[in-house]
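Visitor: my questions are about this predicted structure, shown below with the sequence.
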Amino acid sequence: MIRIFDSEVLGAKNLNPSVRYLKLSVPEDFNFKPGQYVSLSVFRDGKKIRRPFSIASPKNSKNYIELCIKLIEGNKTSEFIKKLNKGDNVELFGPIGNFIVNDLNKDLIFLSSGTGISAFISMIPTILNTGFKNKIILLKAFRDESEILYEKEFSGLEIKHKNFKFYNVLSQPKNKNFENKEHIQDFLKKYIPENFKGDFYICGLSDMIMSVKEKLISLGFPEEGIFYEKYD
């Protein structure tokens, strides 16, 4: 059920210089599907503007949700987000969206860039914790090592669930010997298993999504098995 409600900031911190984490209260009966988002109201020049952000917490989180937000220099919404701290109040609208896993009887591959990983830190743990037995592969792309997000969380999942594997792809790594240097679409043939019959979920900026989608189709994967959420 989509609704408008007041929320308290329960926690706020920078995950890196350009990404802000928020922990926000939600009503006891707030119910979302992993992959959905909420819109946060930003008041600017006397007007209320809603900005969408993927819920970055698993389904089993109680009475709160988490957001992972890219900060853009000079952007007024980012300036508003930067100033939010524990104890502040905000207005939320949601949950919204249809970017959810459609078929849990298939192997799944998730591909993200930057804060597009937000949707997957909600979706993947929730799926694995249901006893999901098929394979899950995650490729998450960033510019360099300082921008990598949720490494500890996904490493823990990889140890706990033998059917889950993840890999980082960096376009400009500081370590010259970093294995996966380039863009995420350059590593599809490397990490997609032979005869893969599952679905793909992509989250990131439009250019990345279209490049990955076109590459997958060129490799012979059906378009109806490719799902995505744009961040711009």
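Guide: Good, I have the coordinates.
Visitor: identify the residue spatially nearest to residue 166, adjacent ones excluded.
Guide: Closest residue to residue 166 apart from its sequence neighbours, by CB to CB, 6 or more residues apart in numbering: residue 138 at 3.9 Å. (Glycine included, C-beta is placed from N, CA and C.)
Visitor: convert the helix or strand hosting that neighbour to CSV, retaining C-alpha atoms only.
Guide: Residue 138 belongs to strand 136-142 when assigned by DSSP states H and E. The C-alpha trace of strand 136-142 is given here as CSV (Å, rounded to 0.1, in the frame of the first residue of the first chain):
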residue,chain,number,x,y,z
ILE,A,136,23.0,-16.2,-7.8
ILE,A,137,25.9,-14.2,-9.4
LEU,A,138,26.4,-10.5,-8.7
LEU,A,139,28.6,-8.1,-10.7
LYS,A,140,28.9,-4.7,-9.0
ALA,A,141,30.8,-1.9,-10.8
PHE,A,142,32.5,1.2,-9.5
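Visitor: identify all contacting residues around the helix or strand following that strand.
Guide: Per DSSP H and E, the first helix or strand lying C-terminal to strand 136-142 is helix 151-160. Contacting residues not belonging to helix 151-160 are listed as 121, 124-125, 128, 138, 140, 164-166, 168 [CB atoms under 8 Å, 6 or more residues apart in numbering].
Visitor: whichever of those end up buried, select them in ChimeraX.
Guide: A single ChimeraX command selects the buried members of these (16 or more other CB atoms under 10 Å):
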select :121,124,125,128,138,140,164,166,168
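Visitor: all strands for this structure, in order.
Guide: Secondary structure of the chain (DSSP state E): strands located at 3-16, 19-25, 37-44, 47-54, 64-70, 89-96, 108-113, 136-142, 164-170, 199-204, 226-230.
Visitor: dump the ones you listed into a markdown table; add mean pLDDT as well.
Guide: Output for the strands of the chain, formatted as a markdown table (pLDDT from 0 to 100):
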| stretch | mean pLDDT |
| --- | --- |
| strand 3-16 | 96 |
| strand 19-25 | 97 |
| strand 37-44 | 91 |
| strand 47-54 | 92 |
| strand 64-70 | 96 |
| strand 89-96 | 96 |
| strand 108-113 | 97 |
| strand 136-142 | 97 |
| strand 164-170 | 97 |
| strand 199-204 | 96 |
| strand 226-230 | 92 |
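Visitor: rebuild these as CSV, extending it with distance to residue 212.
Guide: Below are the strands of the chain laid out as CSV (distance: least, CB to CB, whole Å):
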stretch, distance to residue 212
strand 3-16, 23
strand 19-25, 21
strand 37-44, 20
strand 47-54, 18
strand 64-70, 19
strand 89-96, 24
strand 108-113, 6
strand 136-142, 9
strand 164-170, 11
strand 199-204, 5
strand 226-230, 8
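Visitor: of the ones you listed, which is nearest residue 179?
Guide: Nearest of these to residue 179, taken as CB to CB: strand 164-170 at 8.5 Å.
Visitor: between that closest one and strand 136-142, how big is the angle?
Guide: On the basis of axes from the mean of the first three to the mean of the last three CA atoms, to 10 degrees, strand 164-170 is oriented at 20 degrees to strand 136-142.
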